[in-house]
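Asks: quick one, structure for this:
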Amino acid sequence: MLLPLFPRARYFADFLTPFEGVDGLEPALEAILATPDEQVNDEMAMAARASRVPSWTSRVAEKPLREDLVDLLRAYHRAVIAPHEEDIQETFQAERARHARSMLAEGTAGLLADLSPAIRWRHPVLEVPDYPAENEVHLGGRGLLLIPSYFCWKAPVALADPRLPPVLVYPVHHLLTAASTQDEAALHALLGRTRAVILRAAATGVTTSEAARRAGVSTGTATHHTTALRDSGLITTHRRANSALHTLTTLGAALLGGDAVGECR
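Replies: Below is the predicted model of the structure:
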């Protein structure tokens, strides 16, 4: 039932990803139930034009069918998402830490410029060059809610209806899994202890001096190792004022057990 409603397509109904979801699962499910029937019908008709969907999807506005949908979403969350929620939250914490650094160092412009490789900030426009459909969203004095997504990669997505609150869902910078003792030993054997420690520290963004403290070496030695990691394509370095911030590349995240970025689904 869920796959036709959330297809890998240029569009699926906005009411299925309600703004109220910022407050948690239950408020989001309540919002799905409370969406006006006319809006549901309009959006499902648009979804049917964007991709092939079963005929029953035209009846989603009917209360019994929508109640079944909400029950299924709740069950899906319990079975698929909840067991991994701790790892997901750790990834979001790392994402917030990375953006907090950008915000403190360079303000809003620095934050927007560092959101994702798939996003380009050119004042006063935030561009998503590879977006699947051509679209313009004018804020008109409204704020833009930035939502990092654990299940999205490469192309960020936005709500299609310009009347809805402006939202940009973008892929988290990296998806890391907790390292086992065996994995850690293998990483040390491959890179050496110091470079392994610095690479793992770069998962949440680290300056050269911070990397030196983490690894227990001098700043000069840390610079030598960050240069080697950067030359190997495992980290990238952003110069900010008098400091250098090192973060993982896709290759570096993959080496630590993460997933490379691709496209939203």
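Asks: where does pLDDT dip in the stretch 151-265 of the chain?
Replies: Residues of the stretch 151-265 of the chain that meet the criterion pLDDT under 70 lie in 153-154, 174-182, 240-241, 257-265.
Asks: what segments of it are strands?
Replies: Per DSSP state E, counting those that start in this stretch, the stretch 151-265 of the chain carries strands over the ranges 157-158, 167-171, 206-207, 235-240, 243-248.
Asks: report how many residues lie close to residue 64.
Replies: Around residue 64 sit 8 other residues, with neighbours defined as other C-beta atoms under 10 Å. C-beta: built from backbone N, CA, C; applies to glycine.
Asks: okay, buried residues for the host helix or strand of it please.
Replies: Using DSSP states H and E, residue 64 maps to helix 63-76. Neighbour counts over helix 63-76 (16 or more other C-beta atoms under 10 Å) mark 66, 69-70, 73 as buried.
Asks: re the thing from before, wait, which of the strands of the stretch 151-265 of the chain is closest to residue 256?
Replies: With C-beta to C-beta as the criterion, residue 256 lies closest to strand 243-248 of the strands of the stretch 151-265 of the chain, at 7.3 Å.
Asks: by contact count, what packs against that closest one?
Replies: The helices and strands touching strand 243-248, judged by 3 or more C-beta pairs under 8 Å, 6 or more residues apart in numbering; DSSP states H and E, are helix 85-113, strand 206-207, helix 208-215, helix 219-231, strand 235-240.
Asks: re earlier: got the CA coordinates for the helix holding residue 64 in PDB?
Replies: Below are the C-alpha coordinates for helix 63-76, written out as PDB (Å, rounded to 0.1, in the frame of the first residue of the first chain):
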ATOM      1  CA  LYS A  63     -11.800   8.400   5.900                       C
ATOM      2  CA  PRO A  64     -11.600   4.600   6.300                       C
ATOM      3  CA  LEU A  65      -8.800   4.300   3.700                       C
ATOM      4  CA  ARG A  66      -6.800   7.200   5.200                       C
ATOM      5  CA  GLU A  67      -7.200   5.600   8.700                       C
ATOM      6  CA  ASP A  68      -5.800   2.400   7.300                       C
ATOM      7  CA  LEU A  69      -2.900   4.300   5.800                       C
ATOM      8  CA  VAL A  70      -2.100   6.000   9.100                       C
ATOM      9  CA  ASP A  71      -2.200   2.700  10.900                       C
ATOM     10  CA  LEU A  72       0.200   1.200   8.300                       C
ATOM     11  CA  LEU A  73       2.600   4.200   8.600                       C
ATOM     12  CA  ARG A  74       2.700   3.800  12.400                       C
ATOM     13  CA  ALA A  75       3.400   0.000  12.000                       C
ATOM     14  CA  TYR A  76       6.100   0.600   9.400                       C
END
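Asks: for it, give me every contacting residue.
Replies: For helix 63-76, the external contacting residues (C-beta atoms under 8 Å, 6 or more residues apart in numbering) are 1-2, 5, 25, 29, 32-33, 40, 56, 59-60.
Asks: ChimeraX command for the buried members of those?
Replies: If you want just the buried ones from the contacts of helix 63-76 in ChimeraX, going by 16+ other C-beta under 10 Å, the selection is:
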select :5,29,32,40,60
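Asks: let me know the closest of the contacts of helix 63-76 to residue 225.
Replies: Set against residue 225, the nearest of the contacts of helix 63-76 by C-beta to C-beta is residue 25 (42.5 Å).
Asks: where's the closest one relative to residue 199, distance?
Replies: Using C-beta to C-beta, to the nearest Å, residue 25 is found at 34 Å from residue 199.
Asks: got it, and residue 3?
Replies: In this structure, residue 3 and residue 199 are 38 Å apart, going by C-beta to C-beta.
Asks: next: residue 43.
Replies: The gap separating residue 43 from residue 199 is 44 Å, by C-beta to C-beta.
Asks: neighbour-wise, which of those two wins?
Replies: The neighbour comparison of residue 43 against residue 199 (other C-beta under 10 Å) goes to residue 199, with 26 against 21.
Asks: residues touching that one, list them.
Replies: Counting by C-beta under 8 Å, 6+ apart, the residues that residue 199 touches are 187, 191, 229, 234-235, 248, 252, 255-256.
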